[in-house]
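[1] Structure for this input, please:
(chains A, B and C)
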Amino acid sequence: MTDSSAEVNSTPQSPIADTSYRNYDGPLRPHRFRWWIIARTTAGVALRRKGFWFLAVMALLPYLGSGFQLYLRSQAPQGIAQFLGDRPLTSLFYEAFAMSQLWICLLCLMVGSGSIAGDNRTNALQIYLARPITKGDYLGGKWAGVFLVLAAAAVIPNLILYLYCLGSLGDQQSFKDHPYLLVQAVGCGLIPATLHSSIVVGISAWFKRPVLVGGLYAGLYFGSGILSTIAALIVRRSGNAEHVATVFHLGVERIFQGLAQHIYDVLPTMFGARMRGPQEKPDLMIILALAVALGTIGLLAARMRVRAVEVVKG
Amino acid sequence: MIEFQGASRWYGQVIGLNDVTCHIDKGVTALIGPNGAGKSTFIKLVSGQLRPTTGSVTVLGQSPFANQEVFRRLGICPEVDSFYEEMTGQEFVTFLATLGGLTGARRSSRVSEVIQFVGMEANAGRRIGGYSKGMRQRIKLAQALVHDPDVLLLDEPLNGLDPVGRREVTDLVKSLGEAGKCVVISSHILYEIEHMTRRILLINRGRLLAQGDLYEIRGLIDRHPHRISLESDQPRRLAAKLMELDGVVSSRLEPISGAVEIETRDPDGFYRRLPEIVAAGPFDIRSFASPDNNLEAVFRYLTE
Amino acid sequence: MLFKGALRDLLRPRRLLMAAPLVALPALLGLFWRSMARRGGTFEPEIAYNVLQGGFVFGFILVLLSVIVATGVVSQEMEQRTMVYLLTRPIARYRILLARFTGAWLGTCILVSAATLLLACSVFGPTEAFQAIVWTDIKVVVLGALAYGSLFLLCATLVNKPLIYGLFFAFGWESWVPLFPTNLKKVCIVSYLRVLAPHPQPSQGDEGVMELLSALNPVVITPTGARNALLIVTVVCLVAAAVTFSRRAYVPREDSE
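    The predicted structure is shown next:
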């Protein structure tokens, strides 16, 4: 019998239970894990939404499509198999990645736009920051909560497709040609998750209305794509053809695509056919720098804005 | 004025209000119950924001859901602390008065009247976004009163008000009830409710537990005998004498005050016999009171 | 009152400050194009206008503002929990909805038309900005804002997260489906807008397989058909939105005990 149990047993027992208020005397988690509680709560709220599961399944469908193409290629008669082509596996992974981006973006809007804006609206920041947690714990937790959800939705489909390839093509040369396919696939899944969560948390910190955050981020995401297309056209017509591919990839979604093209070492295709746009990869250093800059700005913006005291004007 | 007939309201698989049948007439009726009891669902059904899943709700003889005829004569002060934050208090009340059908000089005078009435004339020109909790509560009350409704629903109107404000709202509610309006007020502050009305609707877990006069309801709660406290110069002799009465089940002496506290199952009989006992002597009775003949006790006994 | 309130809400100085960069962006891009052309190549105002008006104003600003503003007619009231004030007043619910929608639609038209005029000024020059094509575009903006707005309004009356669905339609469906060389084009509002306000994009020899297939199998839509289709979309969506709004309960779940 331990000392503590002896102490408990020595206390005189009353027939009436003591139901009065008691201070918490259970274990306290070490300080370094407090961000995780916020992250887990943020992710948990997202996972309880039906919309999350719908969008996650939609993000999975392009990967199932790529898997189906592989299946057809292995099962179809010679003529059809030839029609489907003998493209490298990385090309199929890239296509699925590119097609799932719209759904990942919508997921980000659903999960991330209210991440801090919701707390701003309800003044919950005061409650969070009145606990023994730092601003860093809070922001880290919010970021990690959004990131985990997006990373799961982006990486798991990649893993499923990879496992299918491993099971059905593991002994074939087309699979052995890509020894780093797993790392490439996971890396590609993590890029949008990282950048999305950094930017959306940054915007969310500045507003009280999640709808406004969603609208603003959607504007940035889709608008930057259209802008970069127009800018590439202007650059091309101005006789600077060598920069066209890089300018074309300056939008948020195009940054993901540009980085994925470098990771997989492919050019953009759709079912194996070429897509509209430049047929070369963008300058890696420029788009990587842009990605890092966007993510950093997002996090700094959040850090600058988050504070426990609400300033009322009026 | 307000009639519920077997009304239930479900939110998916959660029941908000369960088979409620009741009638609310002119005067002030208090809607009481713990958090999550179904009070707000009740008010949303009466104010036509929700339709009952089963049963019926009528206000002024008509179904209130999206019913303009009912809304013309109904005012609501919702519990939620939500406003058009960019508007000033004056603009907010004027906006809702216009939607309520008031126009021209009548609108201006009513808006001024109610703003003055709720004590907001000094702050009505400021943005609502900068108001304190009490000011927000007052301006919310002003918009509910601006079109002089016959049915007034007040969902937790005392929240955030200072003691003076509470007193003013309490007086206002009483005066509206006396003027023949049907006022339904939900509140957790039982002490203040008791000062406004004796008519209650007690809801718990979606079910209507009791309705009617507070003291009649108290009298019907048999399993909790009435406690009556008496102060006397000879408490022990008084206690012995009182134990001889029918219905008295226990007596005890308060150690500090020295008062006698008895429990009786027949309070009316006890009060009838009390003058005889005093007259027979030989002890003086300085005061008597019933500590559990109040709303809080009824609330506790019915919800425990 | 509701109409004025909705319009005033949209054109509030703080909101305008947020919308201003969006409205000015096409014009700034036009000026950028001009300055780039001065360094090398030629500047053709018609091509610049077509690219920026077709790609950015119709393809982005009109759609984005319509999504945010039209879904906000309902979702803003739900989000800030002020719906209770509107729905307990003696006004028919459909009138509340339509009055607020009209204000929102007019606000969208003003902002998108301003973007069009500024763009025309930047590419054609202030003196030659008021060309027939610009006026046609403004008329189509009015029609497009009505069609998009009513569709997104219907969405807002039906679902809890209308912005997500609206954005999917605006930037998923409307971007991808017209690329397929089938009659599916006819279920995209953008196809009709392109018929009424054609802004041919210059060929750069970088077309993909979708563009080539579409060129081989053109789907013919006449201007009258396009106009009628947009009007039908508007009427059907507005009626459906009004009926839905009149019948549904709009109470935030967390408000109910």
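
[2] ok, which residues in the stretch 101-250 of chain B are in contact with chain A?
    B:126-131 (C-beta under 8 Å from any C-beta of the partner chain). For glycine as for every other residue, the C-beta is placed from the backbone atoms N, C-alpha and C.

[3] now do 10 Å
    B:126-132 (C-beta under 10 Å from any C-beta of the partner chain).

[4] Give me the subset of those residues lying in strands.
    Using DSSP state E, no member of those sits in strands.

[5] Going through those, which ones are buried?
    B:127-128, B:131 (16 or more other C-beta atoms under 10 Å in any protein chain shown).

[6] and which of those is nearest chain C?
    Nearest to chain C among these is B:Ile128, at 10.8 Å by C-beta to the nearest C-beta.

[7] Spit out the contact partners of residue 194.
    I went with chain A, as the question did not name one. A:143, A:147, A:150-151, A:154, A:291-292, A:295 (C-beta atoms under 10 Å, 6 or more residues apart in numbering or on different chains).

[8] Oops, wrong one, chain C.
    Applying C-beta under 10 Å, 6+ apart, the residues contacting C:Arg194 are C:54, C:58-59, C:140, C:178, C:185, C:188, C:200, C:221, C:226.

[9] How confident was the prediction at it?
    On pLDDT, C:Arg194 comes in at 91.

[10] pretty sure it belongs to a strand, no?
    No: counting by DSSP: H, G, I helix; E, B strand; the rest coil, C:Arg194 is not part of a strand but helix.

[11] do you know how far the residue of the stretch 51-200 of chain B found nearest chain A is from chain C?
    Nearest residue of the stretch 51-200 of chain B to chain A: B:Gly130, at 2.1 Å (C-beta to the nearest C-beta). As judged by C-beta to the nearest C-beta, to the nearest Å, B:Gly130 and chain C stand 15 Å apart.

[12] Verify the contact between that residue and B:Ile139 for me.
    No: in this structure B:Gly130 lies outside contact range of B:Ile139 using C-beta atoms under 10 Å: 11.9 Å.

[13] what is the rounded mean pLDDT of the helix ranked longest in chain A?
    For chain A, the longest helix by residue count, based on DSSP state H, is helix A:135-169. Mean per-residue pLDDT for helix A:135-169: 92.

[14] Return the distance of the helix or strand following it from the chain's centre.
    Using DSSP states H and E, the next helix or strand after helix A:135-169 towards the C-terminus is helix A:173-176. Mean-position distance between helix A:173-176 and its chain equals 29 Å (C-alpha atoms, centre = their mean, to the nearest Å).

[15] can whichever strand or helix holds C:Leu230 be found next to chain B?
    Taking DSSP H and E as the criterion, C:Leu230 maps to helix C:223-247. Yes: using C-beta under 10 Å from any C-beta, helix C:223-247 reaches chain B at C:245-247.

[16] can you tell me which of those lies nearest to A:Arg276?
    C:Phe245 (40.5 Å; C-beta to C-beta).

[17] sorry, back to before: can I get the residues of helix C:223-247 next to chain B in CSV with distance to chain A, pLDDT and neighbour count?
    As requested, the residues of helix C:223-247 next to chain B are arranged in CSV below (distance: C-beta to the nearest C-beta, whole Å; pLDDT from 0 to 100; neighbours: other C-beta atoms under 10 Å in any protein chain shown):
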residue, distance to chain A, pLDDT, neighbour count
C:Phe245, 18, 94, 25
C:Ser246, 23, 92, 16
C:Arg247, 23, 90, 12
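
[18] Near chain B, which residues of the stretch 1-150 of chain C are found?
    Near chain B, when you scan the stretch 1-150 of chain C using C-beta under 10 Å from any C-beta, you find C:1-2, C:4-5, C:8-9, C:12, C:14-15, C:77, C:79-96.

[19] if we look at chain A, which of those are close to it?
    Answer for the residues of the stretch 1-150 of chain C next to chain B near chain A (C-beta under 10 Å from any C-beta): C:15, C:79-80.

[20] how close does C:Leu97 sit to C:Ile189?
    20 Å (C-beta to C-beta, to the nearest Å).

[21] which residues touch A:Ile203?
    Residues in contact with A:Ile203 (C-beta under 10 Å, 6+ apart) are A:112-113, A:115-117, A:212-214, A:216-217, A:220, A:298, A:301-302, A:305.

[22] same thing but 7 Å
    A:213, A:216-217 (C-beta atoms under 7 Å, 6 or more residues apart in numbering or on different chains).

[23] Now do the same for it: its pLDDT.
    Per the predicted model, pLDDT is 94 at A:Ile203.

[24] what do you get for B:Leu302?
    pLDDT for B:Leu302: 68.

[25] cool, B:Leu45 as well?
    At B:Leu45, pLDDT is 93.

[26] Quick check: chain neighbours aside, which residue is closest to it?
    Take B:Leu45 and drop its neighbours on the chain: the residue closest to it by C-beta to C-beta, 6 or more residues apart in numbering or on different chains is B:Val57, 4.8 Å away.

[27] In this structure that neighbour contacts B:Ser47, no?
    No: using C-beta atoms under 7 Å, B:Val57 makes no contact with B:Ser47, being 10.0 Å away.

[28] Common neighbours of those two, please.
    B:Pro64.

[29] Wait, a strand at B:Glu296?
    No: per three-state DSSP, B:Glu296 lies outside any strand segment and is helix.

[30] From chain C, how far out is the spatially closest residue to it that is not a sequence neighbour?
    Counting by C-beta to C-beta, 6+ apart, the nearest residue to B:Glu296 once its immediate chain neighbours are dropped is B:Leu190, at 4.8 Å. In this view, B:Leu190 and chain C are 17 Å apart by C-beta to the nearest C-beta.

[31] List the contacts of the closest residue to chain C within the stretch 51-200 of chain A.
    Closest contact between the stretch 51-200 of chain A and chain C, by C-beta to the nearest C-beta, is at A:Leu102 (4.9 Å). Applying C-beta under 7 Å, 6+ apart, we find A:Leu102 in contact with C:Gly172.

[32] give me the element it is part of.
    Assigned by DSSP H and E, A:Leu102 belongs to helix A:89-112.

[33] Counting by contacts, list what whichever helix or strand comes after that helix packs against.
    Next in sequence after helix A:89-112, counting helices and strands by DSSP H and E, comes helix A:117-122. Counting contacts by 3 or more C-beta pairs under 7 Å, 6 or more residues apart in numbering or on different chains; DSSP states H and E, helix A:117-122 packs against helix A:210-237.

[34] The helix it packs on near chain B anywhere?
    No: shown here: helix A:210-237 not in contact with chain B (C-beta under 7 Å from any C-beta of the partner chain), separated by at least 13.6 Å.

[35] pretty sure the residue nearest to B:Glu296 is touching B:Arg300, no?
    No: in this structure B:Leu190 lies outside contact range of B:Arg300 using C-beta under 7 Å: 9.4 Å.
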